[in-house]
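Colleague: Any chance you could fold what I've pasted below:
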Amino acid sequence: MTATDSPEATPDHTPSPSPAAPSRALSFDRAAAQYAAARPGYPAALFDAVEELSGRPLSGTRTIDVGAGTGISTRHLHDRGARVVAVEPGPGMAAELHRSLPGVPLVRGDGNHLPFTTASADLITYAQSWHWTDPFRSAPEARRVLRPGGALALWWNVADRDAPWVAAQDARLRRFFGAEAGTEDTSAHGSPVRHGDLPPGLDFVHRRVPWTRRIPLATHLANLGSHSAFLVLGEAPTRRFLDEEREHLAPLFPDGTVEEAYVVDLSVAIA
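Modeller: Numbers count the residues shown, from 1 in each chain. Modelled structure (predicted):
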């Protein structure tokens with residue numbers, strides 16, 4: 001990929017994370033390898049939906065993947081032919097991304113101050129990361145960097161509570177973190193996107209994409225433990241919960257393989 005293949009970075013920008021980035025958002029840094037190994041990816045149907053709702057194929061599209069983490073979504077976009085640049089504030093997460101995707105351009109920064117020139121991108125994506133931004137800053141930044149007709153795509157993997165074992169685990173997570181039923185989830189299952197939380201001034205179209213993956217029980221527990229609610233909690237209480245969770249799940253999955261159930265909440269707007 002050449003410099004002309006991807007969105008143009010602002011020449012005078014010094015790559016660095018935002019000083020205002022919340023500590024919880026950067027808690028992933030100390031678990032970057034665990035995050036990369038255990039977190040779920042995304043189904044092909046999600047990227048089909050992004051193409052449909054944005055009105056353009058991903059192949060050849062100048063794309064900025066913001067809050068890219070270890071590069072889970074970045075890899076999917078790259079594999080679909082997008083000319084993608086990853087943006088990540090955390091040094092540990094960025095190092096993991098660069099290790100696994102050395103050929104993908106990587107910029108240290110965040111969505112509140114995108115280090116790119118105006119009207120330089122066809123597509124800006126936020127996979128699991130929009131909620132870490134200040135929407136009063138990140139929304140105008142996205143509109144500035146997108147070309148006319150470009151698209152902003154936001155998506156989240158949310159545990160599918162229609163699966164009985166997921167609903168039971170969700171109840172245990174809520175009790176553990178002290179969340180009441182019906183309140184916003186701050187644990188490790190994610191919450192469906194509330195449309196009122198999306199940036200104003202853009203007309204979003206929404207799509208829900210269900211999917212599953214089969215993984216070892218140990219990977220499922222590592223996935224739970226890689227969420228910020230556990231990372232900021234500390235090792236001892238996290239280990240206690242995960243050990244108890246293993247005892248709950250082992251009888252349900254006697255072969256040691258868990259089928260995780262998700263729904264990807266996707267929202268796309270044309271600038």
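
Colleague: Bridge partners for Glu259, pull those for me.
Modeller: Using DSSP bridges, the bridge partners assigned to Glu259 are Arg214.

Colleague: ok, now how distant is it from Val84?
Modeller: Per C-beta to C-beta, to the nearest Å, Glu259 is found 30 Å from Val84. The C-beta positions use only the backbone N, C-alpha and C, and glycine is treated the same way.

Colleague: higher neighbour count, those two?
Modeller: Val84 (31 against 13; other C-beta atoms under 10 Å).

Colleague: Surely that one forms part of a strand?
Modeller: Yes: under DSSP: H, G, I helix; E, B strand; the rest coil, Val84 falls within a strand.

Colleague: Pretty sure it sits against His76.
Modeller: No: applying C-beta atoms under 8 Å, one finds Val84 not in contact with His76, separated by 9.4 Å.

Colleague: all strands of the protein, in order?
Modeller: Assigned strands in the chain, in chain order: 62-66, 83-87, 106-107, 121-127, 146-159, 204-216, 257-270 (criterion: DSSP state E).

Colleague: Could I get the average pLDDT for the last one?
Modeller: It refers to strand 257-270. The average pLDDT within strand 257-270 is 96.

Colleague: quick one: it to strand 146-159, angle?
Modeller: Per axes from the mean of the first three to the mean of the last three C-alpha atoms, to 10 degrees, the angle that strand 257-270 makes with strand 146-159 is 150 degrees.

Colleague: in strand 257-270, what's buried?
Modeller: Val258, Glu260, Ala261, Tyr262, Val263, Val264, Asp265, Leu266, Ser267, Val268, Ala269, Ile270 (16 or more other C-beta atoms under 10 Å).

Colleague: before we move on, back to that, now tabulate the strands of the chain in a markdown table and tack on distance to Ala31.
Modeller: Output for these, formatted as a markdown table (distance: least, C-beta to C-beta, whole Å):
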| stretch | distance to Ala31 |
| --- | --- |
| strand 62-66 | 20 |
| strand 83-87 | 19 |
| strand 106-107 | 19 |
| strand 121-127 | 17 |
| strand 146-159 | 17 |
| strand 204-216 | 17 |
| strand 257-270 | 18 |
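
Colleague: Can you tell me which of those is nearest to Ala188?
Modeller: For Ala188, the closest of these is strand 146-159, at 8.1 Å, according to C-beta to C-beta.

Colleague: Counting by contacts, list what that closest one packs against.
Modeller: helix 44-54, strand 121-127, helix 164-177, strand 257-270 (3 or more C-beta pairs under 8 Å, 6 or more residues apart in numbering; DSSP states H and E).

Colleague: mind redoing it with 10 Å?
Modeller: Strand 146-159 is packed against helix 44-54, strand 62-66, helix 72-79, strand 121-127, helix 135-145, helix 164-177, strand 204-216, strand 257-270, with contacts defined by 3 or more C-beta pairs under 10 Å, 6 or more residues apart in numbering; DSSP states H and E.

Colleague: follow-up on the earlier one: spit out the residues that contact Val84 and His76 alike.
Modeller: Counting by C-beta atoms under 10 Å, 6 or more residues apart in numbering, the shared contacts of Val84 and His76 are Leu58, Asp65, Thr125.

Colleague: ok, the closest residue to Pro43 other than its chain neighbours - how many residues close by?
Modeller: Distances taken as C-beta to C-beta, 6 or more residues apart in numbering place Trp211 nearest to Pro43, at 4.0 Å, with adjacent residues excluded. Trp211 has 18 neighbouring residues, counting by other C-beta under 10 Å.
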